[in-house]
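S.K.: The sequence isn't on hand, but the structure is:
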Ligand code: PLP
Ligand code: TYF
């Protein structure tokens, strides 16, 4: 008997794909889920990934055996170097416990479970944050609290309030930070602001937990986008990082990610790693191989790594072109200011549209974005940009 189950609501982000699929308007536009599209509106496989696929196909040493609980050690090594830098002292000292995870989402959940196990009762996240952060951490048994981050009134970071809130968090609390290209707002702290955040968190004995899902989409230079993480490490934080390779490598469905924690010394790292493995084993046993092998093939090869960085920069650059085109079209013949669209970075434009306006966009124009007014710029193309801007002007009139 299964009658105790009530009908649940669709997911606020992924559920849009379902409504979009049912819409028979030939002009429909999907700017909901953050997934990169070519200017033809099609899913995009990076040429370096195609190349890695060919290389891996020809290796008869590759098989379909299980990976270990912690995943592919070579992938984990390369992923951690990608975040912390090849010459990272903490990596050389063996102080980092790292595992391969089911992309960013899986890594976040493993971290939530681990925190709960380690006696943590709560976690702080920015307001707003990626919608899934909250249920992931709640389902792991943590209370989710928010620090101020973004002021919708002036479409800008509210840095002073953020710092004030961070100063009031009890010591030894874990605070989630978006490493770059904040989702959904597209607004990151400046280098100087990151320095101040690092200092405030050090003084307050807080534990930084970086969610790094867009490395390559902020500056267009993937290694450079790890700047905040590397600076915090330099400042001596024993921080944690969850990495997603969905967006930057375009490996969404392959579920490629890593979770790492910097500890005091090698023996502590071994203990933390053992607890990570004990968390993973009863959840899903071990992660999938294919995507991690592709990333290893790329990051293990100098030329393919250079190609990857260039190709990721190309995606970021197409998105920036679309920001300029969308803003220009929106401001044409109107007096409303859309400057924030070109000021924001990463995959999203946090448009400032109200939920009523978003519903009108959906119902009257078949344009699908999330209720908070977040538009995935990755889905905007030279062919639909004017359709989108005309519709936005219509619903905000
Ligand atoms: N964290 C942030 C901030 C994200 O925006 C996303 C995806 O949109 C993720 C994590 C997780 O994505 P995935 O599970 O595909 O790595
Ligand atoms: O667009 C976003 O913010 C994400 C995208 O398993 C996403 O929610 C979609 C599916 C998934 C993980 C992330």
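M.R.: Now that the structure is in, tell me what you want to look at. It should be emphasised that the depicted structure is a prediction, and the values quoted were computed from it without experimental measurement. Numbering: from 1, shown residues only. Ligands and ions are numbered 1, 2, ... in the order given.
S.K.: Quick check: next helix or strand after the lengthiest helix in the chain?
M.R.: Counting by DSSP state H, the longest helix found in the chain is helix 302-331. Counting by DSSP states H and E, the next helix or strand C-terminal to helix 302-331 is helix 339-343.
S.K.: ok, the helix or strand just after that following helix: who's next to it in the sheet?
M.R.: For helix 339-343, the succeeding helix or strand toward the C-terminus, using DSSP H and E, is strand 348-350. With DSSP bridges as the test, strand 348-350 is paired with strand 374-376 (antiparallel).
S.K.: Give me the contacts around the strand it pairs with.
M.R.: Outside strand 374-376, the residues within contact range by Cβ atoms under 8 Å, 6 or more residues apart in numbering are 30-35, 184, 347-351, 369, 388. Placement of C-beta: from N, CA and C, glycine included.
S.K.: quick one: average pLDDT of the longest helix of the chain?
M.R.: Helix 302-331 comes out with an average pLDDT of 96.
S.K.: Name the nearest residue to residue 150, sequence neighbours excluded.
M.R.: Closest residue in space to residue 150, ignoring its immediate chain neighbours: residue 185 at 4.6 Å, by Cβ to Cβ, 6 or more residues apart in numbering.
S.K.: which SS class is that neighbour?
M.R.: coil (DSSP: H, G, I helix; E, B strand; the rest coil).
S.K.: How much space separates it from residue 346?
M.R.: From residue 185 across to residue 346, the span is 9 Å (Cβ to Cβ, to the nearest Å).
S.K.: OK, contacts around residue 72?
M.R.: Contacts of residue 72 (Cβ under 8 Å, 6+ apart): 100, 289, 292-293, 296.
S.K.: so does the longest helix of the chain get close to ligand 2?
M.R.: No - Helix 302-331 lies out of reach of ligand 2 by Cβ under 6 Å from any ligand atom, never closer than 13.8 Å.
S.K.: For the closest residue to residue 372 other than its chain neighbours, the count of nearby residues, please.
M.R.: Ranked by Cβ to Cβ, 6+ apart and with sequence neighbours excluded, the top spatial neighbour of residue 372 is residue 184, at 6.1 Å. Residue 184 sits with 26 neighbouring residues when counted by other Cβ atoms under 10 Å.
S.K.: Residue 184: what's it in contact with?
M.R.: Residue 184 touches 128-131, 348, 350, 370, 372, 374, counting by Cβ under 8 Å, 6+ apart.
S.K.: For it, give its distance to ligand 1.
M.R.: 8 Å (Cβ to the nearest ligand atom, to the nearest Å).
S.K.: So for that residue, what's the pLDDT?
M.R.: 96.
S.K.: Next: residue 149.
M.R.: 98.
S.K.: Am I right that it is in contact with residue 163?
M.R.: No - Residue 149 lies out of contact with residue 163 (Cβ atoms under 8 Å); the separation is 10.8 Å.
S.K.: So for those two, which sits in the more crowded spot?
M.R.: residue 149 (22 against 19).
S.K.: check contacts around that one.
M.R.: Counting by Cβ under 8 Å, 6+ apart, the residues that residue 149 touches are 126-129, 157-158, 162, 182, 185.
S.K.: who wins for neighbours among the contacts of strand 374-376?
M.R.: Highest count within these by other Cβ under 10 Å belongs to residue 349, 29 neighbours.
S.K.: And that residue, how close does it get to ligand 1?
M.R.: On the measure of Cβ to the nearest ligand atom, residue 349 and ligand 1 end up 14 Å apart.
S.K.: Kindly report the same for residue 185.
M.R.: From residue 185 over to ligand 1 (counting by Cβ to the nearest ligand atom), the distance is 11 Å.
S.K.: What of residue 55?
M.R.: 24 Å.
S.K.: picking that back up, tell me which of the contacts of residue 72 fall in strands.
M.R.: residue 100 (DSSP state E).
S.K.: Of the contacts of residue 72, just say which sits nearest to residue 23.
M.R.: residue 292 (35.5 Å; Cβ to Cβ).
S.K.: I figured the closest one hits residue 68, correct?
M.R.: No - between residue 292 and residue 68 there is no contact under Cβ under 8 Å: 11.8 Å.
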